[in-house]
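K.L.:
sharing a sequence plus its predicted fold:
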Amino acid sequence: MAPEPRPAWQEKPKAATSLAKGSALILITAIAVVPFWVELSTSLSTNHQLLRNGAGFTLWPQPFSLQAYRGILQGGLITKAVGVSLGLTLVGTAASLATTVLLAYALSRPGVTGGKQVLMMCLFAFLFPPGLIPTYLVVDNLHLLNTYSSLVLPVLVNVFNLVVMRGFFQGIPSELYEAARLDGAGEWTTLLRIVLPLSKPVIAVVGFFYAVTYWNQWFQGLFYLNDASQWPLGTLLRLLVTQGSNVDANGSTAAVINQNPIAEQAATVVLAILPILLVYPFTQRFFTKGVLTGAVKS
């Protein structure tokens, strides 16, 4: 395919400008890739090699070893934390996505009783979020402490995602809604058979945002769950990285990582990052259409 002709007003790029752009691109890419590569290489190394290097990390595993991954996946607190995070991400994303879709669809339709008031309440909560103490008291009064519901219900709907999805629904041609009404379709039929099939980009993007939020959740687990055996991976990972030592299944200080502590800490970081990296390529193509189309609608 021939390149598009350059506009008359656009001058030919200079060699120095092209070199500067290329150098900046390489630098930014290195800043993003090198830390992850270091963690991956460290997780695939042996503790003897890491101690011999003296820096606590390596750029190339010699010899290549899966000892760290076997150590953290053979059972125990880390394995359970991975399962908790997976379940929390799947259930939380499904619940948040369903709630956001229903609320956004209701707020996007004209003439809904109380729709404007509900939207103003959502925007007010977005601009003036409650503090930690009021949120904790509400969770406590609802008897949600030490339950996984405390990690889902307080963050069930994100107002930014709600506004984006509402704008996308408003961008669907009104003729489609009118045609559905003429065919005798109710609100549920219109939503399920017309709106949702046309909204795959925004649903994919919003679902990805929710999944990242739930998967990376760490503060809520530390705040609402007193039992360390219930912690998601993010909460446990924070303890591994900041303190180096861990807690056992009963919540007391113990050495969960024993044989290969440095490599197993790096392996835990890789496990925390890897699922999002695997999912992102499948949703990336929806980002421009999903976010921008929904964000520019009033």
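P.N.:
It's in.

K.L.:
for the one helix or strand Thr29 maps to, buried residues please.
P.N.:
Assigned by DSSP states H and E, Thr29 falls within helix 15-43. By neighbour count with 16 or more other Cβ atoms under 10 Å, helix 15-43 contains the buried residues Glu39, Leu40, Ser41, Thr42, Ser43. For glycine as for every other residue, the C-beta is placed from the backbone atoms N, C-alpha and C.

K.L.:
leaving out sequence neighbours, find the closest residue to the second one.
P.N.:
Translated: Leu40. Val270 (5.6 Å; Cβ to Cβ, 6 or more residues apart in numbering).

K.L.:
my guess is the one you found meets Val38, correct?
P.N.:
No: with contact defined as Cβ atoms under 8 Å, Val270 does not reach Val38; the gap is 10.6 Å.

K.L.:
surely Glu235 and Asn226 touch.
P.N.:
Just so we're on the same page, residue 235 is Thr rather than Glu. No: between Thr235 and Asn226 there is no contact under Cβ under 8 Å: 11.7 Å.

K.L.:
can you tell me how far Leu236 is from Trp218?
P.N.:
Distance, Leu236 to Trp218, using Cβ to Cβ, to the nearest Å: 8 Å.

K.L.:
what helix or strand is the most centrally placed residue in the chain on?
P.N.:
The centroid of the chain falls nearest to Val212 when counting by Cα atoms, centre = their mean (0.8 Å). Counting by DSSP H and E, the element that carries Val212 is helix 200-215.

K.L.:
same deal with Val118?
P.N.:
Going by DSSP H and E, Val118 is in helix 115-127.

K.L.:
alpha carbons only: can I get that helix in CSV?
P.N.:
Extracted C-alpha coordinates of helix 115-127, given in CSV (Å, rounded to 0.1, in the frame of the first residue of the first chain):
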residue,chain,number,x,y,z
GLY,A,115,-33.3,9.9,36.1
LYS,A,116,-31.8,13.3,36.3
GLN,A,117,-31.8,13.3,40.1
VAL,A,118,-30.1,9.9,40.2
LEU,A,119,-27.5,11.1,37.7
MET,A,120,-26.8,14.2,39.8
MET,A,121,-26.4,12.0,42.9
CYS,A,122,-23.9,9.8,41.1
LEU,A,123,-21.9,12.8,39.9
PHE,A,124,-22.0,14.3,43.4
ALA,A,125,-20.6,11.1,44.9
PHE,A,126,-17.9,11.1,42.2
LEU,A,127,-16.8,14.7,42.9
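
K.L.:
which element is encountered next along the chain beyond it?
P.N.:
Immediately after helix 115-127, counting by DSSP H and E, sits helix 132-141.

K.L.:
and the contacts of that following helix?
P.N.:
Pro130, Leu145, Ser150, Pro154, Phe223, Tyr224 (Cβ atoms under 8 Å, 6 or more residues apart in numbering).

K.L.:
please redo it, this time with the cut-off set to 10 Å
P.N.:
Outside helix 132-141, the residues that touch it by Cβ atoms under 10 Å, 6 or more residues apart in numbering are 129-131, 144-145, 147, 149-151, 153-155, 219-220, 223-224.

K.L.:
thank you, goodbye.
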